Every structure is written in structure tokens, then in C-alpha cells.
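predicted model and sequence below, questions to follow.
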Amino acid sequence: MRTSRWSTLAVMALAQFMVVLDVTIVNVALPDIQRDLGFSGAGLQWVISAYTLLFGGFLLLGGRAGDLLGRRRVFLGGLTLFSLSSLAAGLAPSAGALVAARAVQGLGGALLSPAALSILTVTFPAGRERNVAMGVWGALAGLGGTLGVVAGGVLVDALGWQWVFFVNVPVGALLVATGPLLVRESRAAQPAAWSFDVTGALLGTGGLLALVLGVIRAEPLGWASAEVIALLAGGVALLAAFVTVEARAAAPLVPLRLFRSRGLQTAGAALALNGGAFVSMFFLTAIYLQQVRGDSALAAGVHFLPMGGIAITAAVVASQLVSRIGTRPIHLAGALLSVAGLWLLMGVNASDSYATGVLPGTLLFGAGIMFVGVPNQIAAVVDVRNDDAGAASGVVSAVYQVGGALGLAIITTLSTTRVADALAQGATQAAALTAGYHRGLLVAAVLAGANAALWLAAPRLRPDAEQVASASAA
């Protein structure tokens with residue numbers, strides 16, 4: 001059956017739009033979810049972390065599965081899993097059920113997202129058509145992230161928080177039905193090289209989950225408790241076993257030779273720090289706007305829109321600048337902008353207007369995260385062999401997700417502790433939440449400041465326009 005390349009692009013881009021939309025659409029629903037399902041302040045972060053950890057932990061395995069089993073097959077399987085788990089999340093009767101559904105959503109996203117990108121890569125020949133396709137793909141992904149906060153607000157206020165999950169179901173069903181008609185099957189050229197590093201994926205994801213849970217449990221139990229120490233030690237042991245398995249695997253998820261590249265080393269660290277700062281700021285601010293400043297879910301979403309707009313603009317500007325002045329100056333500028341934005345937000349209180357309080361900080365931060373992210377995504381793949389470029393891109397994508405989850409765990413734990421201390425000292429609920437918000441932002445600013453220091457170790461790279469285009473498509 002003949003299929004159009006552009007109809008394939010439409011299916012892939014819409015699926016990626018849905019996955020990215022789901023990352024931001026949930027944030028403005030968090031206060032309603034917390035109230036209805038009885039999440040604790042520290043436990044609420046699992047609505048975000050369960051998704052990002054499973055997504056990041058199985059992203060590379062999903063890409064490998066698509067190459068071996070068939071990219072369309074894995075894409076449709078991941079899409080089906082994502083859609084069904086979205087339905088389960090909307091129907092969740094308890095906090096535990098919602099977290100479990102979000103974890104399965106993350107697994108579905110880890111299967112469909114790399115398969116979709118691989119399908120586009122093999123569908124469009126290198127050159128102008130592929131660049132156009134990747135531009136559409138990237139633009140819709142960015143649009144999904146930006147519109148998610150407003151769409152979430154509309155759905156929460158009009159229909160209830162459950163609809164931020166239900167909205168995925170009809171879109172997913174449409175794509176599952178039309179995908180076999182519009183998308184060709186493809187797989188790796190040498191399917192005989194069967195090797196699934198499932199052990200590596202389970203060890204890596206299990207180790208990260210143990211670390212995150214250990215950090216969260218430190219808030220009620222204390223860092224010296226036996227449970228916390230066991231979780232943290234177990235997480236480290238599992239990650240050490242993961243490295244051992246990767247070093248010996250015939251087809252590892254993470255080829256350790258990649259880390260001989262200084263560009264990938266520093267880019268991975270930078271993106272992890274960037275993810276931790278961004279996910280935490282977004283999480284904390286969404287709650288602060290509604291629970292302290294009294295925004296509706298829709299108003300909170302609208303208040304995030306300028307940050308999304310400036311982030312899209314900054315990404316375009318950064319991609320143009322890297323070939324002119326190199327990656328290092330943009331990285332440093334982005335880290336400093338992020339710190340400045342978080343510093344401004346730390347001075348915001350409930351009586352400040354949005355225009356003079358929240359808006360300036362979010363604009364600076366939105367520009368900063370893109371000025372850090374874009375040059376480091378490019379640096380990660382420009383400095384490695386062409387054969388390893390796809391693997392390197394997958395590694396930094398996974399590192400960003402994992403950094404976001406770990407950063408959120410640390411920052412939320414410290415923020416929640418500050419709220420509890422303030423309440424114990426007689427502060428009002430609003431004052432205690434504000435104190436916790438400010439502490440969380442301070443820790444996020446420390447992460448952004450570490451990114452500024454990391455600039456010193458970053459290699460001096462000035463990729464040409466062709467390398468920038470290739471890196472953006474990887």
C-alpha cells in the first residue's frame with residue numbers, strides 16, 4: 001500500500017504533540033488532584049516523577065525495541081499503552097492508582113517517542129525534506145509544551161482534573177486506527193543482531209526510583225533513618241550494577257565509550273541540572289499560583305504562557321547563535337539568566353501583581369533554560385562519531401528526564417520541610433507555603449548556578465550550520 005511521507009509526519013507529529021502536552025497539562029491540575037485524592041505535599045510530586053522516571057529510564061530500550069521488532073509496531077504498541085493508561089489515570093480512585101497509571105504512561109511514551117523519531121528519520125531522506133519534517137516535529141512539540149498549561153486550565157475549570165488525562169484517549173484511538181494505514185513498517189538493516197538490554201533498563205530505572213524514594217522518605221523519617229539509608233544505598237548499588245552490565249553487554253543501552261567525549265560529559269550534566277531546575281520551578285510555581293495567590297487553573301495556565309513563548313523564541317535564537325559564537329557563551333548566558341529569573345521569583349509574595357512580580361522572573365527563566373538546553377543538545381552529538389550520534393542524543397534525553405525527577409525529589413522534600421517548620425512556628429498556611437516556595441526556588445537557583453560553573457569545563461565548540469541541523473534532528 002502506498003503511503004505519503006507527509007501523512008506519516010502528521011501521525012508522528014500529532015503523537016509527539018500529545019506526549020509533550022501531557023508533561024505540562026498535568027501541572028496546573030496538581031492542586032485539584034491533591035485535594036481530591038489526598039496526596040501529601042511530598043507525595044504529590046510522584047504524579048510528575050512517576051512519569052518522567054519511567055520515560056527516561058526506558059527511553060533507550062524503547063528505541064532499541066523499535067529497531068529490532070519494527071518501528072511502526074513499537075510505536076503503535078506504545079501509543080496504545082499511553083492511551084489506555086491515560087484512561088486509567090482519569091478514572092483513578094486513589095493516589096496510588098494515579099501514580100501507577102502515570103508510571104505506565106511514562107513507559108508508553110518511552111516506547112512511542114523514539115520509535116516516532118526513527119520512523120521520521122527513515123521516511124525522509126537527508127537534506128531539505130528531512131529538515132522540514134524535523135522542524136515541524138520540533139515546532140509541534142514546543143507548541144504542545146506551551147499550550148498544555150492553558151489546555152489544562154480550561155479542562156480543569158470546566159470539566160475537572162480527570163480530563164487532562166481523558167483528552168489523550170480519543171486522539172490516541174484515532175492515531176492507533178489510522179497508523180497502520182498511513183505509516184510504513186521498518187526495522188534495522190540487520191535484524192539478526194537480537195539483543196535487548198532489559199536487565200540494564202531495569203537496574204538503571206530501579207536504582208533511580210530507589211534514590212528518589214529515599215530522598216522523599218527523608219522528609220518524614222530523617223536522613224539517618226534505617227529506611228532512608230537502605231533506599232539510598234540500594235539505589236547506589238543498583239546503579240553500580242547498571243554500569244557493570246552496560247560495560248559487558250553486547251548491545252548496551254548506554255555505550256560507555258560515549259563518555260570519552262568531553263562534550264557529552266558536560267552536556268549530560270548540564271541538561272540534568274537544567275531538567276532539575278525547570279521541572280521543580282514549574283511544579284512549585286503551578287501550586288503557588290493557585291494555593292497562595294488564588295489563581296484558577298485557567299489563570300495559572302495563562303500566566304505560564306509568556307514563559308512558553310519566550311522559551312520558543314530563545315530556542316530559535318540560540319540555534320542561530322551557536323554557529324556564530326559557539327556553544328560555551330550561550331551556555332553561560334543561559335545559566336546566568338536562569339539564576340536571575342529564579343532570584344526574582346524568590347522575592348515574589350501574594351500581594352505583588354503578576355506583571356511586576358511573577359512575569360519578569362518567568363520570562364528570564366524561560367529564556368535561560370533554552371539558552372542552556374539548545375547548545376548542550378548540540379554539543380552532546382557534535383563531538384561524537386556519526387555512528388554514535390543517535391545513541392548520544394538518546395542518552396542526553398534520558399538524562400534530562402532523570403535529572404528532572406531527581407531534582408524535583410530533592411527540592412520538593414526541602415520545600416515541604418520548610419512549610420512544616422513554618423506551620424509549627426505559627427505561620428499562616430499562605431505564609432508557610434510562600435516560605436516553602438522560596439526555599440524550593442533557592443535550591444533550583446543553586447542547580448542553575450552549578451550550570452554556570454560547569455561552563456568552565458565545557459569544550460569550546462563552534463558547529464557549522466549543517467552540524468546544527470544534524471544535531472537538532474538526532
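Noted; the coordinates are in hand.

got the domain boundaries for this structure?
1-180, 198-250, 256-474 (automatic domain parsing).

can I get those domains in JSON lines including mean pLDDT and distance to residue 186?
Every residue, glycine included, has its C-beta placed from N, CA and C. As requested, the domains of the chain are exported to JSON lines (pLDDT from 0 to 100; distance: least, C-beta to C-beta, whole Å):
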{"stretch": "domain 1-180", "mean pLDDT": "84", "distance to residue 186": "5"}
{"stretch": "domain 198-250", "mean pLDDT": "85", "distance to residue 186": "22"}
{"stretch": "domain 256-474", "mean pLDDT": "84", "distance to residue 186": "15"}
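
mind checking which of these is nearest residue 187?
For residue 187, the closest of the domains of the chain is domain 1-180, at 4.9 Å, according to C-beta to C-beta.

so how far is that closest one from its chain's centroid?
Distance, stretch centre to chain centre, for domain 1-180: 11 Å (C-alpha atoms, centre = their mean, to the nearest Å).

can I get the domains of the chain in JSON lines with mean neighbour count and distance to residue 187?
Below are the domains of the chain laid out as JSON lines (neighbours: other C-beta atoms under 10 Å; distance: least, C-beta to C-beta, whole Å):
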{"stretch": "domain 1-180", "mean neighbour count": "21", "distance to residue 187": "5"}
{"stretch": "domain 198-250", "mean neighbour count": "18", "distance to residue 187": "18"}
{"stretch": "domain 256-474", "mean neighbour count": "21", "distance to residue 187": "15"}
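
residue 282 contacts residue 25, correct?
No - the criterion here is C-beta atoms under 8 Å, and residue 282 misses it with residue 25 at 11.7 Å.

tell me which residues touch the spatially most central residue of the chain, please.
Geometric centre of the chain, nearest residue: residue 401, 4.3 Å, by C-alpha atoms, centre = their mean. Neighbouring residues of residue 401 by C-beta atoms under 8 Å, 6 or more residues apart in numbering: 52, 53, 55, 56, 59, 275.

starting at the chain centroid, how far to stretch 397-413?
Mean C-alpha position of stretch 397-413 versus that of the full chain (C-alpha atoms, centre = their mean) differs by 9 Å.

need the CA coordinates for that stretch. PDB is fine.
Taking Å, rounded to 0.1, in the frame of the first residue of the first chain, the C-alpha atoms of stretch 397-413 are listed here in PDB:
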ATOM      1  CA  SER A 397      17.200  13.000  26.500                       C
ATOM      2  CA  ALA A 398      17.100  10.300  29.200                       C
ATOM      3  CA  VAL A 399      19.500  12.300  31.400                       C
ATOM      4  CA  TYR A 400      17.300  15.400  31.200                       C
ATOM      5  CA  GLN A 401      14.200  13.400  32.300                       C
ATOM      6  CA  VAL A 402      16.100  11.700  35.100                       C
ATOM      7  CA  GLY A 403      17.600  15.000  36.300                       C
ATOM      8  CA  GLY A 404      14.200  16.500  36.400                       C
ATOM      9  CA  ALA A 405      12.800  13.700  38.600                       C
ATOM     10  CA  LEU A 406      15.800  13.700  41.000                       C
ATOM     11  CA  GLY A 407      15.900  17.500  41.200                       C
ATOM     12  CA  LEU A 408      12.100  17.600  41.900                       C
ATOM     13  CA  ALA A 409      12.500  15.000  44.700                       C
ATOM     14  CA  ILE A 410      15.300  16.900  46.400                       C
ATOM     15  CA  ILE A 411      13.700  20.400  46.000                       C
ATOM     16  CA  THR A 412      10.200  19.200  47.000                       C
ATOM     17  CA  THR A 413      11.500  17.500  50.100                       C
END
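
the contacts of residue 401: which two are farthest apart?
59 and 275 (13.1 Å).

the spatially closest residue to residue 238 that is not a sequence neighbour and residue 197, how far apart?
Sequence neighbours aside, residue 207 is the residue nearest to residue 238 in space, at 3.3 Å (criterion: C-beta to C-beta, 6 or more residues apart in numbering). Distance of residue 207 to residue 197, computed by C-beta to C-beta, to the nearest Å: 15 Å.

ok, residue 157 next?
Residue 157 is 44 Å from residue 197, by C-beta to C-beta.

residue 458 now?
29 Å.

do the same with residue 419
Residue 419 is 41 Å from residue 197, by C-beta to C-beta.

again, but for residue 109
Distance of residue 109 to residue 197, computed by C-beta to C-beta: 19 Å.

cool, residue 325 as well?
For residue 325 relative to residue 197 (C-beta to C-beta), the value is 39 Å.

please apply the same query to residue 240.
According to C-beta to C-beta, residue 240 and residue 197 sit 16 Å apart.

cool, residue 83 as well?
To residue 197, residue 83 is 27 Å away according to C-beta to C-beta.

also residue 297?
In this structure, residue 297 and residue 197 are 41 Å apart, going by C-beta to C-beta.

try residue 367
Distance, residue 367 to residue 197, using C-beta to C-beta: 38 Å.

got it, and residue 79?
Applying C-beta to C-beta to residue 79 and residue 197 gives a distance of 23 Å.

need phi/psi at residue 252.
Per-residue torsions, residue 252: phi -70, psi 150 (degrees, to the nearest 10).

that one reaches residue 197, doesn't it?
Yes - with contact defined as C-beta under 8 Å, residue 252 reaches residue 197; the gap is 5.7 Å.

mind checking the SS state of residue 93?
coil (DSSP: H, G, I helix; E, B strand; the rest coil).

can you check residue 178 too?
Three-state assignment for residue 178 (three-state DSSP): helix.

can you tell me the element the closest residue to it other than its chain neighbours falls in?
Of all residues not flanking residue 178 in the chain, residue 11 sits nearest, at 6.5 Å (C-beta to C-beta, 6+ apart). Assigned by DSSP states H and E, residue 11 belongs to helix 5-25.
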